[in-house]
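Engineer: From the sequence below, what's the structure:
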Amino acid sequence: MDPVEALRETAFWLERERASTYRVEAFRKAAAALADLTPDEVVERAGNGSLGRMKGLGPRTTTVVEQALSGDVPEYLSDLRARNTGPLAEAGAELRALLRGDLHSHSDWSDGGSPIEEMARAAVWRGREYQAITDHSPRLTVANGLSRERLEVQLEVVADVNDQFPDVTLLTGIEVDILDDGALDQDDDLLGRLDVVVASVHSKLRMDAPAMTRRMVAAVSNPHTDVLGHCTGRLVEGSRGTRKQSQFDPDQVFRACAEHGVAVEINSRPERQDPPDELIDLAYDLGCLFAIDTDAHAPGQLDFLDHGAARAADRGIDPDRIVTTWPLDRLREWLRR
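Structural biologist: Okay, here's the model as predicted:
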């Protein structure tokens, strides 16, 4: 077994299981260290005992490499595979099979943990037809949001990665901050060059309901907005603790989404589960489109689609109202609306 692929796959399953960042990074860093060597150099270092002295490798990652080189599936990886044979959620299997892609994911250009190439490689492995890279916008400095200049460079990188991975289409995009007045946190001309714009509130989540409603309606009325991301901002579990949902008039916001053809995101992250069930039902009744997205910050989190599919199936959402079930040509037509 190729040792670099063994390390990458190990990291993927750990990410899927929501393991600690420290554990995941150990395998990602080891894979990156070995990727700079030729296969013969890896074999030579394993043979002379210098492998474990390399920067980025420790005892466990070295054992994985040595077992892969011996022709076996490393024991640690074998155990992870055995624990991850089934979907992350039992319900929604039929809908999950219809999902072709994902319009919300992050790379290490903002607060994700892996390069764009790694996200693309995982998207191919997980059978994606398309995958949007939507790193954060400038105001979210805590997440290393992308300035205009950095985003322009990223567009060139995405084009290069698309050439490397013909089995998946990477869509250019951004998760743009909704500013206090409902404006979007990036230049209009640059937003117009992107395939996908996910608009999300990340600040002043406790704003009073009338002001938050005006803010969100303005954002989804912007012709550049394609998806309203994690609309309530709530957290229901996880290492960041819990957070109550923002207060706004969902009837007004979802009517604006329906009027402008903006998809309401069903965010698949377990700690978000956003929107709540009753808001999914309301958005559906008001005629909204939906996007089941992972909001993945690492390759292994691309499998979080299982959670979103289970929630959408439980609410009885017509698959044709979910834009991420659409083939790429139809999706692009909607994105150009």
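Engineer: Which parts of the protein are strands?
Structural biologist: For the chain, the strands defined by DSSP state E cover 101-102, 130-133, 169-177, 196-200, 227-228, 263-267, 289-293.
Engineer: Would you reformat those as JSON lines and include mean neighbour count and distance to R16?
Structural biologist: Bear in mind the C-beta positions are built from the backbone N, C-alpha and C, glycine included. Shown next, in JSON lines, are these (neighbours: other Cβ atoms under 10 Å; distance: least, Cβ to Cβ, whole Å):
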{"stretch": "strand 101-102", "mean neighbour count": "26", "distance to R16": "15"}
{"stretch": "strand 130-133", "mean neighbour count": "27", "distance to R16": "16"}
{"stretch": "strand 169-177", "mean neighbour count": "25", "distance to R16": "21"}
{"stretch": "strand 196-200", "mean neighbour count": "25", "distance to R16": "22"}
{"stretch": "strand 227-228", "mean neighbour count": "28", "distance to R16": "24"}
{"stretch": "strand 263-267", "mean neighbour count": "27", "distance to R16": "17"}
{"stretch": "strand 289-293", "mean neighbour count": "28", "distance to R16": "16"}
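Engineer: can you redo those strands as TSV with distance to R139 and mean pLDDT?
Structural biologist: Shown next, in TSV, are those (distance: least, Cβ to Cβ, whole Å; pLDDT from 0 to 100):
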stretch	distance to R139	mean pLDDT
strand 101-102	24	97
strand 130-133	19	98
strand 169-177	5	98
strand 196-200	12	98
strand 227-228	18	99
strand 263-267	20	99
strand 289-293	21	99
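Engineer: For E25, find the nearest of those.
Structural biologist: Closest approach to E25 among the strands of the chain is made by strand 130-133 (20.4 Å; Cβ to Cβ).
Engineer: G300: what's it in contact with?
Structural biologist: G300 makes contact with 11-17, 24, 122 under the criterion Cβ atoms under 8 Å, 6 or more residues apart in numbering.
Engineer: Give me the pLDDT for it.
Structural biologist: On the pLDDT scale, G300 is placed at 98.
Engineer: L140 is nearest to which of the strands of the chain?
Structural biologist: Minimum separation from L140 across those (Cβ to Cβ) falls at strand 169-177, 5.6 Å.
Engineer: sorry, back to before: among the contacts of G300, the buried ones, what's the PyMOL command?
Structural biologist: Command for PyMOL, covering only those of these found buried under the criterion 16 or more other Cβ atoms under 10 Å:
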select buried, resi 11+12+13+14+15+16+24+122
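Engineer: Turn the contacts of G300 into a markdown table, including pLDDT and distance to D195.
Structural biologist: Formatted as a markdown table, the contacts of G300 follow (pLDDT from 0 to 100; distance: Cβ to Cβ, whole Å):
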| residue | pLDDT | distance to D195 |
| --- | --- | --- |
| A11 | 98 | 27 |
| F12 | 98 | 25 |
| W13 | 98 | 30 |
| L14 | 98 | 30 |
| E15 | 98 | 25 |
| R16 | 98 | 26 |
| E17 | 96 | 31 |
| V24 | 96 | 28 |
| A122 | 98 | 19 |
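Engineer: Between the contacts of G300, which sits nearest L57?
Structural biologist: Using Cβ to Cβ, A11 comes nearest to L57 of those, at 13.6 Å.
Engineer: Thank you kindly, that will do.
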